[in-house]
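Visitor: Below: sequence and its predicted model.
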Amino acid sequence: MIVYEAKAETTKEQLLKINEVLRTALFVRNSCLRYWLDGHAKTGFDLNKYTKVLSDNPDFPWVSKLNSTARQAMAERVWVAILRFFDNCKKKIPGKKGFPKFRIFQTRLSVEYKQSGWVLSECRQFITFTDKFCVGTMKLMGTRDLNFYQINQIKRVRIVRRVDGIYIQFCIDHDRKEQLEPTGKTLGIDLGLTHFLTDSDGKKVDNPRYLRKSEKSLKKAQRRLSRCAKESKNRAKARIRLGRKHLKVTRQRKDWAVKLAQCVVKSADIVAYEDLKVRNMVKNHHLAKSISDASWSIFTNWLEYFGKVYGRIVVAVFPHNTTVDCSNCGYPVHKTLSTRTHICPVCSHHECRDINAAKNILNRGLELIKNTDGLSEIQYASGESDPCLKKATSKSKSSQRKRKIQQ
Ligand SMILES: [Zn+2]
């Protein structure tokens, strides 16, 4: 599944109508959540059925104006959130479990259509929404071509509102697979704050710190906002200005992380990285902002994604003691955060702290692959199975795969 996104050209009238659509979708979502909280829904199907009840209810005439698949998609979203919550409880994830919450009407909202309720024009540069809100036709901006895909490959269409406008997303049923020559290289990656990335070959990539760079202008915009009188027009303008600045930082970070992840995956056959628990690390208040700014999770998510696309092995290893152990002999050498070099008293191995960690990560990753009985190599050669191994699930997954291969 790939997601194609295009900004839409909208008139003021259309914007108001889209607001109505979003408001209705939000109403359906919150009503479904209420229905579940009251104990009426036992399965996702119950919620789906409830959307019909909502639209038939004469007290809420606006609900029936929304396309039926869009109503169902909202119910499905609620059910996914509920399942995620139960799943987190079952796995005993520390901290918050993500209990589903009621949402308020805010700038960032979206509504999802399935395969009806919208029509693409012949040239596929215009989209028309056909439900009773009469949003009408919008031009899709941008240069990417939708003509490459069949219409029935488009499984979902979303309207996403961000602070700088309306975006249309297309979820396209297409498996992105690209062939690459094997490089014969293996790579371990240590993620850090001073250097975003240090690999086991000794290469370092600096942290771009986008938030730090625009912090000054963000602060200024924030001050301007808080000085404006409540519910004034100037306040609304200031809010948009601040929102745009935050959006810019988010986009810079994502763009950078995606490009770097692609570059890393292309450069080696096997990539091992630390499975950092970012949520726990952010609890350290001195480093919270820097850690959030470093966007490690975006990077590792894309690493996994590109691993699948290019048929390369991407392994997440348990991060415990990667900086402590000696990569040469395994002797634990304890260091404080300020000790930047690793000196081993046993084998007198002398190396930069981060490179030592990256080497440890690589060794662990290779061990993890070996422990799955060379199965990963089979997958790798055929390029069919999911090349990503998660430390937590590696055992159960590998045994499942073994069974499959035996069959
Ligand atoms: Zn040593």
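Guide: Sure, I can see it.

Visitor: check contacts around the residue of the chain positioned farthest from its centre.
Guide: Farthest-out residue of the chain from its mean C-alpha position, per CA atoms, centre = their mean: Val346, at 43.1 Å. Contacts of Val346 were listed using CB atoms under 8 Å, 6 or more residues apart in numbering, and they are 326, 329, 331. Just so you know, the C-beta spots here come from the backbone N, C-alpha and C atoms, and that holds for glycine as well.

Visitor: same thing but at 7 Å, please
Guide: By CB atoms under 7 Å, 6 or more residues apart in numbering, the residues touching Val346 are 329, 331.

Visitor: if I've got this straight, it is in a strand?
Guide: No. Val346 is assigned coil when assessed by DSSP: H, G, I helix; E, B strand; the rest coil, not a strand.

Visitor: Got the confidence number for Lys220?
Guide: At Lys220, the model reports a pLDDT of 93.

Visitor: next one: Ser398
Guide: 40.

Visitor: mind listing what's buried in the helix or strand hosting Lys213?
Guide: Using DSSP states H and E, Lys213 maps to helix 210-227. Of the residues in helix 210-227, 210-211, 214, 218, 221, 224-225 count as buried by neighbour count, 16 or more other CB atoms under 10 Å.

Visitor: Quick check on the spatially closest residue to Cys326 that is not a sequence neighbour: phi, psi?
Guide: The spatially closest residue to Cys326, leaving aside those adjacent along the chain, is Cys344, at 4.2 Å (CB to CB, 6 or more residues apart in numbering). Torsion angles at Cys344 (phi, psi; degrees, to the nearest 10) stand at phi -90, psi 130.

Visitor: just Arg124 next, same as before
Guide: Geometry field for Arg124 lists phi and psi as phi 60, psi 30, criterion degrees, to the nearest 10.

Visitor: ok, it - contacts?
Guide: Contact analysis of Arg124 by CB under 7 Å, 6+ apart lists 146-147.

Visitor: Distance of it relative to the ion?
Guide: 61 Å (CB to the ion, to the nearest Å).

Visitor: cool, and Leu66?
Guide: 65 Å.

Visitor: What pLDDT is listed against that residue?
Guide: The score at Leu66 is 88. That number is its pLDDT.

Visitor: coming back round to it: for the buried residues of helix 210-227, give me CSV that also has distance to the ion.
Guide: Shown next, in CSV, are those (distance: CB to the ion, whole Å):
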residue, distance to the ion
Tyr210, 38
Leu211, 38
Ser214, 43
Leu218, 45
Ala221, 51
Arg224, 56
Leu225, 55
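
Visitor: which of those residues lies closest to Gly365?
Guide: Tyr210 (29.0 Å; CB to CB).

Visitor: my read: that closest one touches Arg253, true?
Guide: Yes. Between Tyr210 and Arg253 there is a contact at 5.4 Å, judged by CB atoms under 7 Å.

Visitor: and the stretch 251-400 of the chain, which residues reach the ion?
Guide: 326, 328-329, 331, 344, 346-347, 349 (CB under 5 Å from the ion).

Visitor: where do the helices sit along this structure?
Guide: Under the criterion DSSP state H, the chain contains helices at 12-37, 44-56, 68-90, 210-227, 233-267, 278-281, 288-294, 296-310, 353-371, 375-382, 394-406.

Visitor: Mind listing residues that contact the shortest one?
Guide: Helix 278-281 has contacts (CB under 7 Å, 6+ apart) with 95, 291, 296-297.

Visitor: give me that answer again for 8 Å
Guide: Under the contact criterion CB under 8 Å, 6+ apart, helix 278-281 has outside partners 94-95, 287, 291, 296-297.

Visitor: Could you do the fourth one as well?
Guide: For helix 210-227, contacts defined as CB under 8 Å, 6+ apart pick out 235, 238-239, 241-242, 245-246, 248-249, 252-253, 256, 289-290, 292-293.

Visitor: Now the phi/psi pair for the residue farthest from the centre of the chain, please.
Guide: Dihedral angles (degrees, to the nearest 10) for Val346: phi -90, psi -50.

Visitor: Low-confidence stretches in the stretch 101-250 of the chain?
Guide: The stretch 101-250 of the chain contains no residues with pLDDT under 70.

Visitor: Contact partners for the closest residue to the ion within it?
Guide: Nearest residue of the stretch 101-250 of the chain to the ion: Ser200, at 15.9 Å (CB to the ion). Applying CB under 8 Å, 6+ apart to Ser200 gives the contacts 186-189, 355, 358-359, 361-362.

Visitor: Find the pair from those with maximum spatial separation.
Guide: So, these by CB to CB: farthest apart are Thr186 and Ile355, at 14.6 Å.

Visitor: So for these two, which sits in the more crowded spot?
Guide: Taking other CB atoms under 10 Å, Thr186 and Ile355 do not tie; Ile355 has more neighbours (21 against 18).

Visitor: if I look at Thr130, how far off is Met138?
Guide: Distance of Thr130 to Met138, given as CB to CB, to the nearest Å: 13 Å.

Visitor: okay, now the domains of the chain?
Guide: 2-172, 186-210+258-400 (automatic domain parsing).

Visitor: Of all these, which one comes closest to Leu180?
Guide: The minimum distance between Leu180 and these falls on domain 186-210+258-400, with 5.0 Å, by CB to CB.

Visitor: How far away from the center of its chain is the closest one?
Guide: Centroid separation for domain 186-210+258-400 versus its chain: 19 Å, with CA atoms, centre = their mean, to the nearest Å.

Visitor: State the pLDDT value of the closest residue to Gly202 other than its chain neighbours.
Guide: The shortest distance from Gly202 to any residue other than its chain neighbours is 5.2 Å, reached at Ile355 (CB to CB, 6+ apart). pLDDT for Ile355: 88.

Visitor: Settle this for me: Asn57 is touching Ser31, isn't it.
Guide: No. Using CB atoms under 8 Å, Asn57 makes no contact with Ser31, being 9.6 Å away.

Visitor: No further questions, thank you.
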